[in-house]
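# Give me a model of this one.
(chains A and B)
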Amino acid sequence: MSSPFRARAVGMRLFPGEGRGPAVRPVPLGPGLRRGTTLLALLLALPACDREQRDMAGQPKAETKSFVTSGDPRSAEYENNAFHIAQGQKWYGWFNCSGCHFHGGGGMGPPLMDEQWIYGGRMEDIVASILYGRPNGMPDWHDKITEQQAWELAAYVKSLSAQPRQDALSARADEMSNSEPQTLQGRKKVVPENMAPPGSEDR
Amino acid sequence: MIRRVALLPLLAAPAGCGGLQTIGGREGRDAAIINDLFTIFCIVTALFFVAVMAFLFAAYWRRKGHRRDGMPDPLEVPARTGALRIALAVWTGAVVAGLVGLALASYFTDRSLAYPNPGNRPVVSIELIGNQWWWDVRYHFQDPSKNFRTANELHLPAGSPAMVYLKANDVIHSFWVPNLAGKQDLIPGRVNDIVLLPTKVGHYRGQCAEYCGLQHAHMALDVIVDSPQDFARWMESQSRPATTPATPRQIAGYDFFMNRQCSSCHAVAGTRAGAGVGPDLTHLMSRKTIAAGTLPNGTGPLHAWIADPQGVKPGTNMPYIGLNADELHNVVAYLESLK
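Below is the predicted model of the structure:
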């Protein structure tokens, strides 16, 4: 089934009555190929399954008071999930992140939609920035929001620079905006190691 | 037997009428007007239906010109008698009169609905904001210092019109208190309005009438129509700031509320908590229900709701905080002092 000739022959079979090609004995679509096509369709559908996965009605998520460490398994879970990114966008407005960071362009606080990360651009770094604060003005939020909300906020903040999976990004901004939806913005390079050297944090 | 069982729901249906939330209600001016129109339509169309059926059966029983095999004879034309001609004229006249009558009734209903405050009486001005999945209620007065906010409970004075400005924060909702008036949508980014003129003191129920997400069904609104004196008393009590915590438990709960997650979303007038994304809790214990009609208000339901909101109302924006038993009791003790 995998030989190119066989595949071409199958292609011929799909356009009968053309008459111009060489006389090929029509190859009936075997059950194996049909099963293969179904499997392929299922495989193609699979990546779309987890993009909106959410856990609300199930077990309540316990607050873990551990310090966020690198390689946290939650980072992949939240970063590429459309539901969590959308929730993060809502919290971003609710908890007035735009008061300092505006809608990603930065103001009193640094911009969030570029690829410059003062304190690291991994999910864990962003969550740590949100939960425990940073010098030069970023307040700590660990008593004001839940840890889940911090992860969702981080997922949204990362999505501002179009880094998560394209199919998880929001195609619609909740706030007034004249920029293109995130799905149409180009992907930006992530350089998590590219932490600013000490002294350059004067923004 | 089966047919009789099938009739049972029909018999039970009228039992749904009357009470907190019914489309047959006449406790508001609009609802009464629309009900009158509905009654007129029902009676007129029922009369015509009966007349049409009567003619049909009469024609069937009085048919003429049978062939021997029972089929009608196309060649035989029944004689047009004078009586039939008169009947036809009367029938045509009745149809025209009926249609004109219904059109007029509809027109006048529409006109009276279009002028909801004929005498230009003073109105109560209310801003009603739909959220997933609760109602933010704001009362506005000439003197802005009297303005106050509450949630999921609308108080109206009987006999005076209330101007309700309808807004939405996230998705389209629909405001519907069937006992008082028809539906009106709440649309993000624009302001709709509806004038309610309740005529009878009582407790009614409103419900979001536009599917708005997971907990659409748990988006109810208690509507309480008070006598003008009771309404004035209620207004006065609502515009007061919250009581200060007194017992040690209440004070501990107050501290938790102000310094932790609660105050990020909720507001309590007269304290540091001033966030606007969750329901205002200044006079929480004056309300009949919590979580937009999901649970009755009280010690037990408050514990359940705060301990695990996602278990009570999956998908709600109130997060699971993870309070320990002491913190939970303290917070509930503080909330219960907010009378």
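# Let me see the mean pLDDT of stretch B:156-169.
If you average the pLDDT over stretch B:156-169, you get 93.
# Just the buried residues of that stretch, please?
By neighbour count with 16 or more other Cβ atoms under 10 Å in any protein chain shown, stretch B:156-169 contains the buried residues B:156-168. Bear in mind the C-beta positions are built from the backbone N, C-alpha and C, glycine included.
# Greatest separation within those: which pair is it?
Largest separation among the buried residues of stretch B:156-169 by Cβ to Cβ: B:Gly159 and B:Ala168, giving 29.3 Å.
# Contacts only, for the spatially closest residue to B:Met318 that is not a sequence neighbour.
Excluding the flanking residues, the one nearest B:Met318 by Cβ to Cβ, 6 or more residues apart in numbering or on different chains is B:Pro309, at 3.9 Å. B:Pro309 is in contact with B:Ala291, B:Thr316, B:Met318, B:Pro319, B:Tyr320, counting by Cβ atoms under 8 Å, 6 or more residues apart in numbering or on different chains.
# Identify, from the residues you listed, the entry nearest to A:Trp91.
B:Pro319 (9.8 Å).
# Please tell me I have it right and that closest one contacts A:Ala150.
No. With contact defined as Cβ atoms under 8 Å, B:Pro319 does not count as touching A:Ala150 (11.0 Å).
# Look at those two and report which has more neighbours.
Each of B:Pro319 and A:Ala150 has its neighbours counted (other Cβ atoms under 10 Å in any protein chain shown); A:Ala150 has more, 24 against 20.
# Any figure for the gap between that one and B:Gly276?
Applying Cβ to Cβ, to the nearest Å, the value for A:Ala150 to B:Gly276 is 21 Å.
# Find the residue closest to B:Ser125 in space, skipping its chain neighbours.
B:His140 (4.5 Å).
# scratch that, B:Arg26 is what I was asking about
Spatial nearest neighbour of B:Arg26, excluding adjacent residues (Cβ to Cβ, 6+ apart): B:Ala32 at 4.3 Å.
# element containing that neighbour?
helix B:29-61 (DSSP states H and E).
# next helix or strand past that helix?
Following helix B:29-61 in sequence order, the next helix or strand is helix B:82-114 (DSSP H and E).
# Who are the packing partners of that following helix?
Here helix B:82-114 is seen to pack against helix B:29-61 when contacts are counted using 3 or more Cβ pairs under 8 Å, 6 or more residues apart in numbering or on different chains; DSSP states H and E.
# what angle separates the helix it packs on from helix B:82-114?
170 degrees (axes from the mean of the first three to the mean of the last three Cα atoms, to 10 degrees).
# Tell me the buried residues in helix B:29-61?
Counting neighbours by 16+ other Cβ under 10 Å, the buried set in helix B:29-61 is B:Arg29, B:Asp30, B:Ala31, B:Ala32, B:Ile33, B:Ile34, B:Leu37, B:Ile40, B:Val44.
# Got the phi and psi for the residue nearest the centre of chain B?
Geometric centre of chain B, nearest residue: B:Val177, 1.9 Å, by Cα atoms, centre = their mean. Phi and psi for B:Val177, reported as degrees, to the nearest 10, are phi -110, psi 90.
# Skipping adjacent residues, who's closest to it in space?
Nearest in space to B:Val177, with sequence neighbours left out and distances taken as Cβ to Cβ, 6+ apart, is B:Gly206 at 3.9 Å.
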